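[1] below are the sequence and a predicted model; questions follow.
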Amino acid sequence: MVYITSKNNLISATIEASIKSSTNDMPKKIDQIKEYYAAIDGSTDQINSIMPLLVKLFHPQLVIESNINTIPYEDFVGLIHKFARNGCVAELVDIHDNDDGSCTVIVNNHLPGENGDVTKQRVFFKDDMIVRITAEETYERKFGAMLDRVSGLSTDGLPTDIVDMYARMLNCFDGSDAAFETAEPIIDEIFDANLVVVHGDNSIMDMAGFKSFASAFSRNHNIAKLEKSERTENGLRIVVRNIVDGVDQGAVEQEGLVENGKIVYWAATPGEESGFDRLVNSVGMTDNIQRLRDYLSALDGSPSAFERFEPHIDRVLARDIVWEDGDGSTMGYDDIIALLRDQYIPNGCYPVLESVKVNDDGSSLTVRINNHLPGEDGDATEQILYYGDDDRIHRLISAPFFKTCERIASLPISGSTCIVFTTLTLARYRPGVCRPSFIHPWGRRHGMYWELSFQRSSRSTLM
């Protein structure tokens, strides 16, 4: 076990300041602590109950202080694995609110061959999670000695080839079609069935979720490059560079804990969380990106494109989609489809998806699409697509593309539809209908809705 042997007063002061800002009531926190200790009952599979509670209760910036030692979060997780795997029990004897944003716990830890070891600890919070634990002054040495004995508990050891096996697994993700199928047997061999992967705001991914993540990573031909790997006392640490949808996301350091020859816990190393979260969010959007590609690919400029395009519409666009120009003008689902069906497709227009970026929120994309209109060399615009829980686009923001739509709306309309232009607004009319189904955004923005007369016409355009 590696400890940081000097206390950082500046960090402690920062933590104390954040403790005072905590606003949640203490009874809820005390209930969480009781549930956590109740799970440490000495049962053979107690680690499976402990870990989901641990990642929700303890802050990633956790420090545990005893006489001269300070234990960070990652080492604490390692201690808990040793504690649980050896059938130890943590009995919560007492807990009470100190009325200052902290609470005090009295715990009796039962290690193998021992009759119990009672210590009194003070618990502090940040973001409604435990961020600091200190032993009461008279219990400091006893608390530190107990932690040392836990760190010395036996494990089945780390297989000498675990790092090599992980490297073999990672190297399977080379962008090939069969990447996941090749990697899956190695995944099953090196990861525990009760794997816990921590990401985001202490979200948890289990073994099934991790395999689904790996499959999605492979499906979009993404690439993982191992830059560094090393064994640690409790597992392994690696540095991986991921290329997702053609974008190099940079190198991210991650680490895992190994028990009984299997990786049981995985997370970004402290300070690397944002890069790891970006990877998880990007891969989580893989299927949405592929559906968007299929949607755009169907618009190939041919006269029959709408027949191939139509099945993709409701897979990508929500019925309540709002397309905004950022200045108050909007278009809805029906307006968008009518513009594509009646003018964009019949006039041989087609889009080219030039780039896709998953944004930091993990639920939106920034895309660059180059629309080719008749007689033009292309018109590349950037758009932000916001997805809902149904994996459909509910909001789209792009001011430049509204200008592209102005030119699309000026193209000839298919069939017997006539179009009427004014200097203030552009309205599309179908024969026999007196109300426009599409109002040009400029007119909508300025509130200028004119009553326009029209004539039936058999021509495709009214010049």
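    On my side now, so go ahead.
[2] CA atoms for contacts and neighbours, from now on please.
    Will do.
[3] I figured L62 hits I130, correct?
    Yes - in this structure, L62 is within contact of I130 by C-alpha atoms under 8 Å, at 6.8 Å.
[4] state the distance from the nearest residue in space to Y73 that is not next to it in sequence to S151.
    Excluding the flanking residues, the one nearest Y73 by C-alpha to C-alpha, 6 or more residues apart in numbering is L62, at 5.0 Å. For L62, the distance to S151 equals 18 Å [C-alpha to C-alpha, to the nearest Å].
[5] these two: which has the busier surroundings?
    For L62 against S151, the residue with the higher neighbour count under other C-alpha atoms under 10 Å is L62, and the figures read 22 against 19.
[6] which ones are touching the more buried one?
    With contact set as C-alpha atoms under 8 Å, 6 or more residues apart in numbering, L62 has these partners: P72, Y73, I130, V131, R132, I133.
[7] is it correct that the residue nearest to Y73 falls within a strand?
    Yes - if the criterion is DSSP: H, G, I helix; E, B strand; the rest coil, then L62 is within a strand.
[8] find me the pLDDT at it, would you?
    The predicted local confidence for L62 comes out at a pLDDT of 91.
[9] any weak-confidence spans in the stretch 351-463 of the chain?
    Low-confidence regions of the stretch 351-463 of the chain, defined here as pLDDT under 70, cover residues 414-463.
[10] ok, back up a step: roughly how far does the residue nearest to Y73 sit from I133?
    With distances taken as C-alpha to C-alpha, L62 is found 8 Å from I133.
[11] around S154, count how many other residues there are.
    By the criterion of other C-alpha under 10 Å, S154 has 11 neighbours.
[12] my bad, should have said R392
    As a burial measure, the neighbour count of R392 was computed by other C-alpha under 10 Å and equals 21.
[13] I'd guessed it sits against R315; true?
    Yes - with contacts counted by C-alpha under 8 Å, R392 reaches R315, the gap being 6.7 Å.
[14] can you confirm L53 is in a strand?
    No - going by three-state DSSP, the assignment for L53 is helix, not a strand.
[15] so what's it up against?
    Going by C-alpha under 8 Å, 6+ apart, the list of residues near L53 reads E35, Y36.
[16] show me where the stretch 1-150 of the chain has helices.
    Along the stretch 1-150 of the chain, the stretches classed as helices by DSSP state H, counting those that start in this stretch are 9-20, 26-39, 46-57, 73-85, 140-151.
[17] what's the second one packed up against?
    So that's helix 26-39. Packing partners of helix 26-39 (3 or more C-alpha pairs under 8 Å, 6 or more residues apart in numbering; DSSP states H and E): helix 46-57, strand 89-97.
[18] burial count for E184?
    15.
[19] same deal with D100?
    By the criterion of other C-alpha under 10 Å, D100 has 10 neighbours.
[20] kindly report the same for the one 5 residues further on.
    Residues near V105, counting by other C-alpha under 10 Å, number 22.
[21] find the nearest non-adjacent residue to it, please.
    Counting by C-alpha to C-alpha, 6+ apart, I95 is the residue found nearest to V105 once chain neighbours are left out, at 4.4 Å.
[22] do G301 as well
    Leaving aside its chain neighbours, G301 sits nearest to G348 (4.2 Å; criterion: C-alpha to C-alpha, 6+ apart).
[23] that neighbour belongs to a helix?
    No - inclusion of G348 in a helix is not indicated when three-state DSSP is applied; the result is coil.
[24] export the helices and strands packed on helix 26-39 as TSV, with columns for distance to K82 and mean pLDDT.
    Formatted as TSV, the entries for those read as follows, by distance: least, C-alpha to C-alpha, whole Å; pLDDT from 0 to 100:
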stretch	distance to K82	mean pLDDT
helix 46-57	10	83
strand 89-97	12	96
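[25] which of those sits closest to P185?
    Distances from P185 to each of the helices and strands packed on helix 26-39 were compared using C-alpha to C-alpha; the minimum, 22.8 Å, belongs to helix 46-57.
[26] next one: that closest one to chain centre, how far?
    21 Å (C-alpha atoms, centre = their mean, to the nearest Å).
[27] how about stretch 69-81?
    The chain centroid and the centroid of stretch 69-81 are separated by 26 Å under C-alpha atoms, centre = their mean.
[28] stretch 278-287 too?
    Averaging C-alpha positions (C-alpha atoms, centre = their mean) puts stretch 278-287 6 Å from its chain's average.
[29] and it, C-alpha only, in PDB?
    Taking C-alpha atoms only, stretch 278-287 is exported to PDB below (Å, rounded to 0.1, in the frame of the first residue of the first chain):
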ATOM      1  CA  ARG A 278     -15.400  12.200 -22.800                       C
ATOM      2  CA  LEU A 279     -14.500   8.800 -24.100                       C
ATOM      3  CA  VAL A 280     -17.500   7.200 -22.400                       C
ATOM      4  CA  ASN A 281     -19.900   9.900 -23.600                       C
ATOM      5  CA  SER A 282     -18.500   9.700 -27.200                       C
ATOM      6  CA  VAL A 283     -19.000   6.000 -27.400                       C
ATOM      7  CA  GLY A 284     -22.400   6.300 -25.800                       C
ATOM      8  CA  MET A 285     -23.400   8.500 -28.800                       C
ATOM      9  CA  THR A 286     -22.000   6.000 -31.400                       C
ATOM     10  CA  ASP A 287     -25.400   4.600 -32.400                       C
END
